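S.K.: Sequence isn't available, so here's the structure alone:
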């Protein structure tokens, strides 16, 4: 909810537009906006780029691999949209700074940012004692890269008095699942950063949404054997939630399981510890987590 809106604008955006917009063919709030999406070369990022461009936004696609980005640009253009590719390694601070400078010079203000790029590691502490680099890697991709990008783009958003940032995090920030200490800690850092930053930028009409996704069937989860038979969203289903976050600008989008877990973790923390410890034994570490090098 945006309390900066007038009552009439609030009713139009939050009450009339969601119901009457599709019926009357009203334009999406994304029409004419410039949206930067990280991790845009595949999976959720690719699906989001297509969905956002279909609603009239110009999409700026960021990922490490130029050939894959060029492929997504072609997909967007063949569907009638507008897209630009910007190869960048988000773990390289100088490269992120150069990306921000180039994007602002070529497009002016970025209206909306989707921090989708991420790295997941599922490994018990038992196999992590000599793997500090697991924690450094996840923080570099999942926290420091997005924060650096936010800090670079934020001044222009605040100056124009409009901006929105969507952080694709995980329901794990609420569930606190065993074996994901490196991954969930890095996503929790970004989740908390956004909540605090959003309070500082709220008066400038610059807002944040933390999208706490459950499992999505992408390459990121393919290495985890335990997920082969687990229910998971498609990238397109996840992208639909990103679009909702961009259009409606809610504070968070969470799952019922995540919300329930968060309540129980507060109300009965030791009971939840016992349940999680017991449940985790049913899904041991993968062979790669137990010893394969990467």
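M.R.: Sure, I can see it. Computed from a predicted structure; not experimentally measured. Residues are numbered from 1 along each chain as shown.

S.K.: Residue 209 reaches residue 163, doesn't it?
M.R.: No. Checked against C-beta atoms under 8 Å, the pair residue 209 and residue 163 is beyond contact range at 11.8 Å. Yep, even glycine has a C-beta here, placed from its N, CA and C like the rest.

S.K.: Where does pLDDT dip in the protein?
M.R.: 1-25, 218-230, 232, 292-294 (pLDDT under 70).

S.K.: Tell me which stretches of it form helices.
M.R.: In the chain, the helices defined using DSSP state H lie at 7-10, 17-24, 43-54, 66-78, 93-107, 132-139, 145-160, 172-175, 181-201, 219-222, 235-248, 256-267, 269-280, 287-291.

S.K.: List the buried residues of the last one.
M.R.: Of the residues in helix 287-291, those buried under the neighbour-count criterion (16 or more other C-beta atoms under 10 Å) are residue 289.

S.K.: Return the distance of that helix from the chain's centre.
M.R.: The chain centre lies 27 Å from the centre of helix 287-291; the measure is C-alpha atoms, centre = their mean, to the nearest Å.

S.K.: neighbours around residue 200, how many?
M.R.: By the criterion of other C-beta atoms under 10 Å, residue 200 has 11 neighbours.

S.K.: That should have said residue 172, apologies.
M.R.: For residue 172, the neighbour count with other C-beta under 10 Å is 21.

S.K.: mind checking how far it is from residue 44?
M.R.: 16 Å (C-beta to C-beta, to the nearest Å).

S.K.: Check residue 37 too.
M.R.: The value you get for residue 37 to residue 44, if C-beta to C-beta is used, is 9 Å.

S.K.: dump the residue contacts of the spatially closest residue to residue 189 that is not a sequence neighbour.
M.R.: Spatial nearest neighbour of residue 189, chain neighbours left out: residue 143 (4.6 Å); criterion: C-beta to C-beta, 6 or more residues apart in numbering. Going by C-beta atoms under 8 Å, 6 or more residues apart in numbering, residue 143 touches 186-187, 189-190, 193.

S.K.: Would you format the residues you listed as a markdown table with neighbour count and distance to residue 214 included?
M.R.: Shown next, in a markdown table, are the contacts of residue 143 (neighbours: other C-beta atoms under 10 Å; distance: C-beta to C-beta, whole Å):
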| residue | neighbour count | distance to residue 214 |
| --- | --- | --- |
| 186 | 28 | 18 |
| 187 | 27 | 13 |
| 189 | 19 | 20 |
| 190 | 26 | 17 |
| 193 | 17 | 22 |
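
S.K.: Of those residues, which is the nearest to residue 55?
M.R.: Of all the contacts of residue 143, residue 190 has the smallest distance to residue 55: 25.2 Å, by C-beta to C-beta.

S.K.: show me what contacts that closest one?
M.R.: 115, 142-143, 146-147, 167, 169, 210.

S.K.: Now do the end-to-end distance for stretch 98-118.
M.R.: Using C-alpha to C-alpha, to the nearest Å, the end-to-end distance of stretch 98-118 comes to 20 Å.

S.K.: Return the set of buried residues in it.
M.R.: For stretch 98-118, burial by neighbour count (16+ other C-beta under 10 Å) applies to 99-100, 103, 109-118.

S.K.: for those residues, which one is nearest residue 84?
M.R.: residue 103 (8.6 Å).

S.K.: Quickly note the distance from the closest one to residue 122.
M.R.: To residue 122, residue 103 is 33 Å away according to C-beta to C-beta.

S.K.: Also residue 107?
M.R.: Distance of residue 107 to residue 122, computed by C-beta to C-beta: 37 Å.

S.K.: Kindly report the same for residue 186.
M.R.: 13 Å.

S.K.: okay if I get the helices of the chain as JSON lines plus distance to residue 31?
M.R.: Shown next, in JSON lines, are the helices of the chain (distance: least, C-beta to C-beta, whole Å):
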{"stretch": "helix 7-10", "distance to residue 31": "17"}
{"stretch": "helix 17-24", "distance to residue 31": "11"}
{"stretch": "helix 43-54", "distance to residue 31": "10"}
{"stretch": "helix 66-78", "distance to residue 31": "15"}
{"stretch": "helix 93-107", "distance to residue 31": "16"}
{"stretch": "helix 132-139", "distance to residue 31": "36"}
{"stretch": "helix 145-160", "distance to residue 31": "17"}
{"stretch": "helix 172-175", "distance to residue 31": "32"}
{"stretch": "helix 181-201", "distance to residue 31": "23"}
{"stretch": "helix 219-222", "distance to residue 31": "31"}
{"stretch": "helix 235-248", "distance to residue 31": "10"}
{"stretch": "helix 256-267", "distance to residue 31": "31"}
{"stretch": "helix 269-280", "distance to residue 31": "44"}
{"stretch": "helix 287-291", "distance to residue 31": "44"}
